[in-house]
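In: fold the stuff below for me.
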Amino acid sequence: MKYLEGLNEEQKRAVLATDGPISVLAGAGSGKTRVLTTRIYHLIREGVLADQILAVTFTNKAAREMRQRVQHMLGTEEKSSLPFIATFHGLGRELLENYGNVIKVPRFFSVYDRNDSEKAIAKALKALDVGAKEFSPRAILGRISRAKGEGITVDEFYEKHARSGFGNRITAEAWRRYENTLKEEKAFDFDDLIALPVRLLETHADVRELAQNRWRYIHIDEYQDTNALQGRLANILAAKHKNLFVVGDIDQTIYTWRGATIENLLEFDKTYPKAQTIILEQNYRSTKNLVNAANAVIEKNKNRKEKFSKTERPTGEPIVIHMTRSAEDEARWIAAKVRELMQSGIKPEEIAILFRTNFQSRALEEGLLNAGVPYRLLGTHFFARKEVKDVLAWIRLALDPSREVDKIRAVTSPPRGIGHITLGKLAAGQRAQLRAGELEKVEKFERVITELSLAAESLTPSEFVKMVIEKSGMHLALSDEGSEEDRERFENVEELASVATRHDAVKGKESIALFLAETALASDQDEMDLHQGDTSQRGDSLRAGVTLMTVHAAKGLEFNTVFISGMEEGLFPHSGMGNKDRDEEEERRLFYVAMTRAKERLFLTLARVRKIYGNDFLTEPSSFLADIDSSLMLYDEDEKETVIL
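Out: Numbering: from 1, shown residues only. Purely as a prediction, here's the structure:
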């Protein structure tokens, strides 16, 4: 079979193992995506219907790439002939849209992103007369999210914790108010997109059987990053046919702090005693020096399954260690080295600068700016920009005019002389109390919404986005005669129309709703994919160039050259701000992930003194550096004597 050519023996074994539970332990750069897509293709070649195959991964970017690869292998443009490939949240949305009526899920529900959720939590805390200094909305949301990820309902949490300390009581009360807000807005948050489908499938046998028969072959990528509830969802769907194919790397488990449980992959053979285990150890990405160094680091962990990566690639360059006097000097050195690499022919898009914590980015950005090095800072979320969220509010309102939160946002974006008092009267059913001038403005606004709602039935998503920009008045408000900032904001809403073209194959509200779902579930890596190759001057965060991001955001990516900054004890590995429960092995896994992003060369930098919260701290080199054999490293000549291992 020609499509098996180029696969190594273990990869072939994974592709050809079609029946029963199978776990694939895939090391970094081992070609797991190729294995997944080839296996899907093989199943279809063997007679399995495409719509009986499910593949789940963790980002829209990864799902889109997998879908494109499968489509290319099949040689078809017909979406109907493709398996269902989506993120976990996309899968949850599909289940709720198809079967959610059983538990009274509204047809056009919306999805709260983290920003929406934090605002709703803040509102709940304010109603409880609790200040942000006492409990931050983000922290409360984190506790709620973790509980939902464990399958705990608000009522269960309230019953257990409402009387067990002030913090738990506030979380319980805020959660109840938060759930009421979601219900009023016909909305769900990210965690609901998993929790509700699990509850639906566990309590309705008829729906469960429909879903199990729909997808007879199930593939889960990045299985080490699944939480307890996602593991339950996978097991429910696979319970009837047992054809569950999971791929993951325990050594790349870096999200336990947000609920991921390593046990889902670590104990897969206990959950499925007859499961096959296949190990992919061949690294096709990195040089021998890099692979050997990464092996030396990760083998110190004990909570893992034995796996030793190997490669047939050249030995490559040694890992360069460089210490500077300060974080600013570190940034200047990195920027100078990047310029040198660019002058040697390496494209800036092939270079990444990674950091452990967000505060490090300030000095790094400043160094790159001063050196004239183009860069993209991953983490400034495009879909969280005000003007983009304004357009999305208009779109959601056109699909469901009863949404009060979107109505409040839309009526002020751009402003049209309708205040909150007027909106309050409308919400209270006091329309007759409006003055003539107020009523005229309200009716004009409502006519626009009605016009958009009717147009949504027959337009493609991109056509509809453009119409919203015009009819809402945003085009006029952000016209070319405005400030430079206004022009940049208008270019952002224009970009939203470009994103919508991905769903233009079908016209109407259903397709527009799918577009809204994509925007709500977009991740940082989707942001980078969205702006890949953009060489405009709209701002450094959107311009093509060196990628600047946290190590967590880098997972799943690869670059010719990688810089890992801040290699200091307490920073990487991170001290956890005094958190005694910090998982030290996870810090090591995080460093392993950072190292294995590099294909050709790796630079590890550190500063003698680092300013944190306004104070200077004398640092020590990271203990991780001592794990790497000195024969694999090269100390920068100017600073060799300052590095103490």
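
In: stretch 454-469: end-to-end distance?
Out: End-to-end distance for stretch 454-469: 16 Å, by Cα to Cα, to the nearest Å.

In: flag every buried residue along that stretch.
Out: 456, 459-469 (16 or more other Cβ atoms under 10 Å). For glycine as for every other residue, the C-beta is placed from the backbone atoms N, C-alpha and C.

In: what's in contact with it?
Out: Defining contact as Cβ atoms under 8 Å, 6 or more residues apart in numbering, one finds that stretch 454-469 is touched by 391, 394-395, 398-399, 452, 474-475, 493-494, 496-498, 500-501, 503-504, 506-509, 511-512, 514-515.

In: mind doing that once more with 7 Å?
Out: 391, 394-395, 398-399, 452, 475, 493, 496-497, 500-501, 503-504, 507-509, 511-512, 515 (Cβ atoms under 7 Å, 6 or more residues apart in numbering).

In: cool, stretch 439-450 as well?
Out: By Cβ under 7 Å, 6+ apart, stretch 439-450 touches 397-398, 401, 411, 416-418, 422, 426, 434, 471.

In: would you list the buried entries among those?
Out: 397-398, 411, 418, 422, 426, 434, 471.

In: export stretch 140-148 as PDB, just CAs?
Out: The C-alpha coordinates for stretch 140-148 follow below in PDB (Å, rounded to 0.1, in the frame of the first residue of the first chain):
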ATOM      1  CA  ILE A 140     -13.200  32.200  41.200                       C
ATOM      2  CA  LEU A 141     -13.700  31.200  37.600                       C
ATOM      3  CA  GLY A 142     -10.600  28.900  37.900                       C
ATOM      4  CA  ARG A 143     -12.200  27.100  40.800                       C
ATOM      5  CA  ILE A 144     -15.500  26.800  39.100                       C
ATOM      6  CA  SER A 145     -13.800  25.600  35.900                       C
ATOM      7  CA  ARG A 146     -11.800  23.000  37.800                       C
ATOM      8  CA  ALA A 147     -15.000  21.700  39.500                       C
ATOM      9  CA  LYS A 148     -16.800  21.500  36.200                       C
END
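
In: and that stretch, which residues are buried?
Out: Buried residues in stretch 140-148, defined by neighbour count with 16+ other Cβ under 10 Å: 140-145, 147-148.

In: list the buried ones in the top strand by length along the chain?
Out: Counting by DSSP state E, the longest strand found in the chain is strand 598-612. Going by neighbour count (16+ other Cβ under 10 Å), the buried part of strand 598-612 is 598-608, 610.

In: after the least confident helix or strand in the chain by mean pLDDT comes which helix or strand?
Out: Confidence across the helices and strands of the chain bottoms out at helix 524-530, with a mean of 53, counting by mean pLDDT, DSSP states H and E. Using DSSP states H and E, the helix or strand that directly follows helix 524-530 along the chain is strand 546-550.

In: ok now the following helix or strand past that following strand, how far from the chain's centre?
Out: Downstream of strand 546-550, the next assigned helix or strand under DSSP H and E is helix 551-554. The chain centroid and the centroid of helix 551-554 are separated by 10 Å under Cα atoms, centre = their mean, to the nearest Å.

In: contacting residues around the helix or strand following helix 551-554?
Out: Note on helix 551-554: by DSSP H and E, the next helix or strand toward the C-terminus is strand 559-564. Applying Cβ under 7 Å, 6+ apart, the contact partners of strand 559-564 are 334, 341, 346, 350-354, 594, 597-605.

In: adjacent strands (with direction) for strand 559-564?
Out: strand 351-355 (parallel), strand 598-612 (parallel) (DSSP bridges).

In: any idea of the angle it forms with strand 546-550?
Out: Between strand 559-564 and strand 546-550, the angle comes out at 50 degrees (axes from the mean of the first three to the mean of the last three Cα atoms, to 10 degrees).

In: could you list the buried residues of strand 559-564?
Out: 559, 561-564.

In: of the residues you listed, which is the nearest to residue 168?
Out: Proximity of those to residue 168, judged by Cβ to Cβ, is greatest for residue 564, which lies at 38.4 Å.

In: against residue 550, how distant is that closest one?
Out: 11 Å (Cβ to Cβ, to the nearest Å).

In: give the residues shared as contacts by these two.
Out: Joint contacts of residue 564 and residue 550 (Cβ under 7 Å, 6+ apart) are residue 354.

In: tell me how many other residues surround the residue nearest to residue 236 when sequence neighbours are not counted.
Out: Counting by Cβ to Cβ, 6 or more residues apart in numbering, residue 236 lies nearest to residue 201, which is 4.9 Å off, once chain neighbours are set aside. If you count neighbours by other Cβ atoms under 10 Å, residue 201 ends up with 22.

In: repeat that for residue 346.
Out: Counted with other Cβ under 10 Å, residue 346 comes out at 17.
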